[in-house]
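# here's my sequence, what's the structure:
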Amino acid sequence: MDNTVLHRAETRGYANHGWLNTHHTFSFASYNNPDRMHFGVLRVLNDDQVSEGMGFGTHPHDNMEIISIPLEGDLEHKDSMGNKAVIRHGDIQVMSAGTGITHSEYNKNTDKPVKFLQIWVFPNKKNVSPRYDQITLKVADRHNKLQQILSPNPADAGVWIHQDAWFHLGTFDKDKAAHYNIKRKGNGVYAFVIKGSFTLGGITLNERDGMGIWNTEHIDLAAKTQGAEILLMDVPMAL
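Numbering: from 1, shown residues only. Alright, predicted model coming up:
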């Protein structure tokens, strides 16, 4: 289809730093693919596994909305705003880097790795005051339906960012289906399968496959395996 892009799991960029195993859906660090720079304002989708007791040392960011979604284990966060927190499966973390922030991320456990998705979104406002937030969601509220975890509205469900974007997570029993309406005209949706398999637009997506769809008002998905988990990222297509 002319309005889709498909990224199979095995085609992602990959790096093994010893303490970090990471896959990059879009160009990042040493992985540079001119055909995979971004999907609309979605700039980074990294699938990270950090070894026991290891982590990312203090490093800077600016003018980016950074979202972390823990999948397994505990990730400790410290930043230049004085925040210190631990995020776990069921939590969503967001940072608006704005005028500039430094932070570190560590696996606080010595007996198991931590796995999480790190996502960067270009903001619609530059040089905002840096901001940090995290919330804990009820994982049961995404069983056989899509649970909103992020939006542009601080009063809406989930965390919020400086962008007209909406993220949803869903965990589905085999053969259960969902219908999703695009939240904003002109937005596209990037679907990332965290676990199991789905059909989306007549295409089968397996674990860690990603697919972007645009120029549509809605999408339909169906789980092909028990306990299949998917992340939908509804984002503006124009930078």
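
# secondary structure element holding the most centrally placed residue in the chain?
Central residue of the chain (C-alpha atoms, centre = their mean): Ile119, 4.5 Å from the mean position. Using DSSP states H and E, Ile119 falls within strand 114-121.

# skip the chain neighbours and tell me the closest residue to the residue nearest to the centre of the chain.
Closest residue in space to Ile119, ignoring its immediate chain neighbours: Ile67 at 4.4 Å, by C-beta to C-beta, 6 or more residues apart in numbering. Placement of C-beta: from N, CA and C, glycine included.

# try Leu20
Val50 (5.7 Å).

# same question, Glu72
Nearest to Glu72 is Lys115, by C-beta to C-beta, 6+ apart, at 4.3 Å.

# state the number of residues packed around the one you found.
19 (other C-beta atoms under 10 Å).

# Met64 versus that one, what's the distance?
Distance, Lys115 to Met64, using C-beta to C-beta, to the nearest Å: 22 Å.

# how about Glu72?
25 Å.

# higher neighbour count, these two?
The residue with more neighbours, out of Glu72 and Met64, is Met64; 19 against 13, by other C-beta under 10 Å.

# roughly how far apart are that one and Thr136?
Distance from Met64 to Thr136, by C-beta to C-beta: 24 Å.

# just Asp62 next, same as before
Asp62 sits at a distance of 28 Å from Thr136 (criterion: C-beta to C-beta).

# low-confidence stretches in the protein?
Within the chain, the stretches with pLDDT under 70 are 1.

# one more time with 80
1-2 (pLDDT under 80).

# sorry, back to before: so the residue nearest to Glu72 sits right up against Pro70, yeah?
Yes. Lys115 is within contact range of Pro70, at 7.5 Å (criterion: C-beta atoms under 8 Å).

# for Lys185, grab the count of nearby residues.
Neighbours around Lys185, by other C-beta under 10 Å: 6.

# just checking, Asn33 is part of a helix?
No. Counting by DSSP: H, G, I helix; E, B strand; the rest coil, Asn33 is not part of a helix but coil.

# ok, and the closest non-adjacent residue to it?
Counting by C-beta to C-beta, 6+ apart, Asn33 lies nearest to Ser27, which is 5.2 Å off, once chain neighbours are set aside.

# I figured that neighbour hits Asn46, correct?
No. Using C-beta under 8 Å, Ser27 makes no contact with Asn46, being 11.0 Å away.

# who's more crowded, the two?
Asn46 (22 against 17).

# any idea what the more buried one is bridged to?
His24, Gln118 (DSSP bridges).

# then the one 10 residues further on?
The bridge-partner assignment for Phe56, based on DSSP bridges, gives Glu105.

# to what extent is it buried, counted in neighbours?
Phe56, neighbours per other C-beta under 10 Å, totals 17.

# list the contacts of it.
For Phe56, the contact set (C-beta atoms under 8 Å, 6 or more residues apart in numbering) comprises Leu20, Val50, Ser104, Glu105, Tyr106.

# for the residue nearest to Leu20, grab phi and psi.
phi -110, psi 130 (degrees, to the nearest 10).

# for Tyr190, see how far away Met233 is.
Distance, Met233 to Tyr190, by C-beta to C-beta: 5 Å.

# out of everything not next to it in sequence, what's closest to Ala29?
Nearest non-adjacent residue to Ala29, counting by C-beta to C-beta, 6+ apart: Ala15, 6.7 Å away.

# how about Tyr106?
That would be Gly55: by C-beta to C-beta, 6+ apart, it lies 3.1 Å from Tyr106.
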